[in-house]
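**Q** the following comprises the amino acid sequence and a computationally predicted model.
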Amino acid sequence: MKYTKLGRSGMDVSMLCLGTMNFGGSTDEKEAFKIMDAALDAGVNFFDTANNYNGGTTEEIIGRWFAQGGGRREKVILGTKVHEDMHEVNDGPNSAPGLSTYKIRRHLEASMKRLQTDHLEIYYMHHIDRRVSWEELWGTFENIFAQGIIDYVGSSNFAGWQIAVAQAEAKARHFFGLTVEQHLYNLDCRLPELEVLPAAKAHGVGVVTWSPLSGGLLARNALNRSSNEGRTWNNDRINRQRKQLEQYSQLCRELNEYEDNVALAWLIANPAVTAPIVGPRTLEQFEQAIRAVDIVLSEDVMKRLDEIFPGPGGAAPEAYAW
């Protein structure tokens with residue numbers, strides 16, 4: 001495994017992040033345990049989850065895995081999230097998605113209980129809450145940081161300008177601010193190159209990418225839906241991009257690599273990206289994804305990928321102006 005710093009922090013994380021959203025859904029607990037054990041064995045120390053994954057069941061599975069001991073908790077850099085509706089009856093009108101101090105406190109306590117831990121390395125805001133001021137947000141995170149409950153604060157689904165504002169407000173308070181932004185970014189969705197990636201780089205914020213395979217569009221056998229384990233596919237989307245996907249598959253065949261691993265390798269090669277999140281449903285899928293770390297894409301291959309999946313043309317404003 002290869003490692004890199006998380007943003008401007010001094011903490012090293014693996015260049016693949018284990019996503020756990022399937023745990024407790026399409027992946028049962030026994031298989032989830034196997035995947036997490038295999039991740040540690042492979043040197044993956046970066047795990048990602050959220051309080052709303054499978055209604056909290058995902059965090060509970062991770063907690064029971066930690067409870068087995070053997071240094072499992074100590075070896076893992078763990079991030080979970082807050083914002084979404086947990087359908088907790090006692091939250092009353094505060095059940096709706098949001099980031100109030102009240103909600104963060106209650107949901108942090110619940111997450112740690114499910115995860116069977118007394119601290120988190122990373123606590124993410126799962127989405128922006130435009131109704132809550134940064135005075136409230138940074139005051140809340142400063143407090144739980146001072147208590148030693150969290151090490152770093154992360155954001156997810158923030159726009160570039162929101163990252164900039166968050167960091168400016170944190171600096172004014174002499175607080176470290178955001179360490180990582182978790183964002184939708186892949187070969188098929190390159191819009192973050194306009195604003196989000198440049199903003200993150202300028203403010204020392206690492207970028208962890210979700211949906212690196214574009215919902216399966218960049219996975220092996222994407223053009224052959226019958227081989228995808230019964231997954232429901234967007235036929236219109238596949239048909240609309242069929243020529244593009246055929247070109248991509250042809251390039252991957254020339255490289256003698258699977259499409260999903262090339263998509264992951266493309267992200268790993270980007271200096272703006274800390275790690276893509278891989279969300280395996282099975283142990284076999286995880287073991288296949290590990291290969292991506294060792295794939296080196298030549299300049300010629302990177303150019304061909306740009307031709308197949310054109311980006312926005314670079315960062316703003318030059319991408320669309322002078």
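**A** Happy to help now that I have it.
**Q** where's the closest residue to Met36 other than its chain neighbours relative to Leu16, distance?
**A** Leaving aside its sequence neighbours, Met36 sits nearest to Trp65 (C-beta to C-beta, 6 or more residues apart in numbering; 5.3 Å). From N, CA and C alone the C-beta is placed, and that goes for glycine too. Distance of Trp65 to Leu16, computed by C-beta to C-beta, to the nearest Å: 18 Å.
**Q** who has more neighbours out of the two?
**A** Taking other C-beta atoms under 10 Å, Trp65 and Leu16 do not tie; Leu16 has more neighbours (27 against 22).
**Q** can you name the next helix or strand after the lowest-mean-pLDDT helix or strand in the chain?
**A** Least confident helix or strand, the chain: helix 235-240 with a mean of 82, by mean pLDDT, DSSP states H and E. Where DSSP states H and E defines the elements, the next helix or strand beyond helix 235-240 is helix 242-255.
**Q** what strand or helix carries the residue nearest to Met36?
**A** helix 57-66.
**Q** so which elements touch the helix or strand following that helix?
**A** Going down the chain from helix 57-66, the next helix or strand is helix 72-75, by DSSP H and E. Counting contacts by 3 or more C-beta pairs under 8 Å, 6 or more residues apart in numbering; DSSP states H and E, helix 72-75 packs against helix 29-41, helix 57-66.
**Q** let me know which of these is tucked in deepest.
**A** Scoring those by mean neighbour count under mean count of other C-beta atoms under 10 Å gives helix 57-66 as the most buried, with a mean of 21.
**Q** can you list the neighbours in contact with that helix?
**A** 20-21, 23-25, 29, 32-33, 36, 47, 49-51, 53, 72-73, 76, 78, 80, 111, 114-117 (C-beta atoms under 8 Å, 6 or more residues apart in numbering).
**Q** hang on, the earlier thing: would a markdown table of the helices and strands packed on helix 72-75 with mean pLDDT be doable?
**A** Shown next, in a markdown table, are the helices and strands packed on helix 72-75 (pLDDT from 0 to 100):
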| stretch | mean pLDDT |
| --- | --- |
| helix 29-41 | 98 |
| helix 57-66 | 98 |
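**Q** could I get those helices as JSON lines with distance to Gly216?
**A** Output for the helices and strands packed on helix 72-75, formatted as JSON lines (distance: least, C-beta to C-beta, whole Å):
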{"stretch": "helix 29-41", "distance to Gly216": "18"}
{"stretch": "helix 57-66", "distance to Gly216": "20"}
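**Q** to Glu193, which of those lies closest?
**A** helix 29-41 (29.0 Å; C-beta to C-beta).
**Q** could you say what helices and strands the closest one packs with?
**A** Applying 3+ C-beta pairs under 8 Å, 6+ apart, one finds that helix 29-41 contacts strand 17-19, helix 57-66, helix 72-75, helix 283-289.
**Q** in a markdown table, list these along with distance to Leu99.
**A** Converted to a markdown table, the helices and strands packed on helix 29-41 look like this (distance: least, C-beta to C-beta, whole Å):
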| stretch | distance to Leu99 |
| --- | --- |
| strand 17-19 | 22 |
| helix 57-66 | 18 |
| helix 72-75 | 26 |
| helix 283-289 | 32 |
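**Q** out of those, which gets nearest to Asn143?
**A** Once the helices and strands packed on helix 29-41 are compared by C-beta to C-beta, helix 57-66 is nearest, at 22.1 Å.
**Q** hmm, back to that, from Thr49, how far out is the residue nearest to Met36?
**A** On the measure of C-beta to C-beta, Trp65 and Thr49 end up 11 Å apart.
**Q** likewise for His127?
**A** Here His127 is placed at a distance of 16 Å from Thr49 (C-beta to C-beta).
**Q** which residues of the stretch 1-150 of the chain fall in strands?
**A** For the stretch 1-150 of the chain, the strands defined by DSSP state E, counting those that start in this stretch occupy 3-5, 12-14, 17-19, 46-48, 77-82, 120-125, 150-156.
**Q** please identify which of those is closest to Arg281.
**A** strand 17-19 (10.5 Å).
**Q** quick one: mean pLDDT over that closest one.
**A** Mean per-residue pLDDT for strand 17-19: 98.
**Q** direction included, what does it pair up with?
**A** Paired strands of strand 17-19, with direction, are strand 46-48 (parallel), strand 275-278 (parallel) (DSSP bridges).
**Q** now mean neighbour count, distance to Asn235 and mean pLDDT too, for the ones you listed, in TSV please.
**A** Shown next, in TSV, are these (neighbours: other C-beta atoms under 10 Å; distance: least, C-beta to C-beta, whole Å; pLDDT from 0 to 100):
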stretch	mean neighbour count	distance to Asn235	mean pLDDT
strand 46-48	26	30	98
strand 275-278	25	25	98
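**Q** would you mind giving these as JSON lines with distance to Ala159 added?
**A** Below are those laid out as JSON lines (distance: least, C-beta to C-beta, whole Å):
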{"stretch": "strand 46-48", "distance to Ala159": "21"}
{"stretch": "strand 275-278", "distance to Ala159": "20"}
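**Q** closest to Ile104 out of those strands?
**A** Nearest to Ile104, of the strands paired with strand 17-19 and by C-beta to C-beta, is strand 46-48 at 18.4 Å.
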